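J.: predicted model and sequence follow; I will ask about them next.
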Amino acid sequence: YEAIFFAVLCYLLAQRDVSLIWPLSALSFVFTGLAAKWFLREDISVLRWAGIALIVVGAGIITWSEKVKERDAALAQPVTSPGPVQK
């Protein structure tokens, strides 16, 4: 699973900004925890799940703040009018 996740992450990094995509790597903690629970039958404590949730929430805040920055930059650009109409 980690190899597939890394391949997808590399592809996404080639398509978008690092500051937007890299926080998605926090999802690997979720996938690893779920794989450990389901496939390896490990006991994962509530405290560990809470830590994973905090990591994902933090990554979500980073991604959200990047989107807000992009939106604000787009709104700050002046609107240009088309050149004179030629007949």
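T.: Sure, I can see it.

J.: quick one: buried residues of the lengthiest helix in the chain?
T.: Longest among the helix segments of the chain by residue count, using DSSP state H, is helix 46-76. Residues of helix 46-76 classed as buried: I52, I55, V56, A59, T63, E66 (neighbour count, 16 or more other CB atoms under 10 Å). Backbone N, C-alpha and C define where each C-beta goes, glycine included.

J.: next: stretch 19-37.
T.: When neighbours are counted by 16+ other CB under 10 Å, the buried residues of stretch 19-37 are found to be L20, I21, W22, P23, L24, A26, F29, G33.

J.: which other helices and strands does the lowest-mean-pLDDT helix or strand in the chain contact?
T.: Lowest by mean pLDDT, DSSP states H and E among the helices and strands of the chain is helix 18-21, with a mean of 77. In this structure, helix 18-21 makes packing contacts with helix 2-15, helix 46-76, judged by 3 or more CB pairs under 8 Å, 6 or more residues apart in numbering; DSSP states H and E.

J.: can you put those helices in TSV and add distance to F39 and mean pLDDT?
T.: Formatted as TSV, the entries for the helices and strands packed on helix 18-21 read as follows, by distance: least, CB to CB, whole Å; pLDDT from 0 to 100:
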stretch	distance to F39	mean pLDDT
helix 2-15	13	85
helix 46-76	17	85
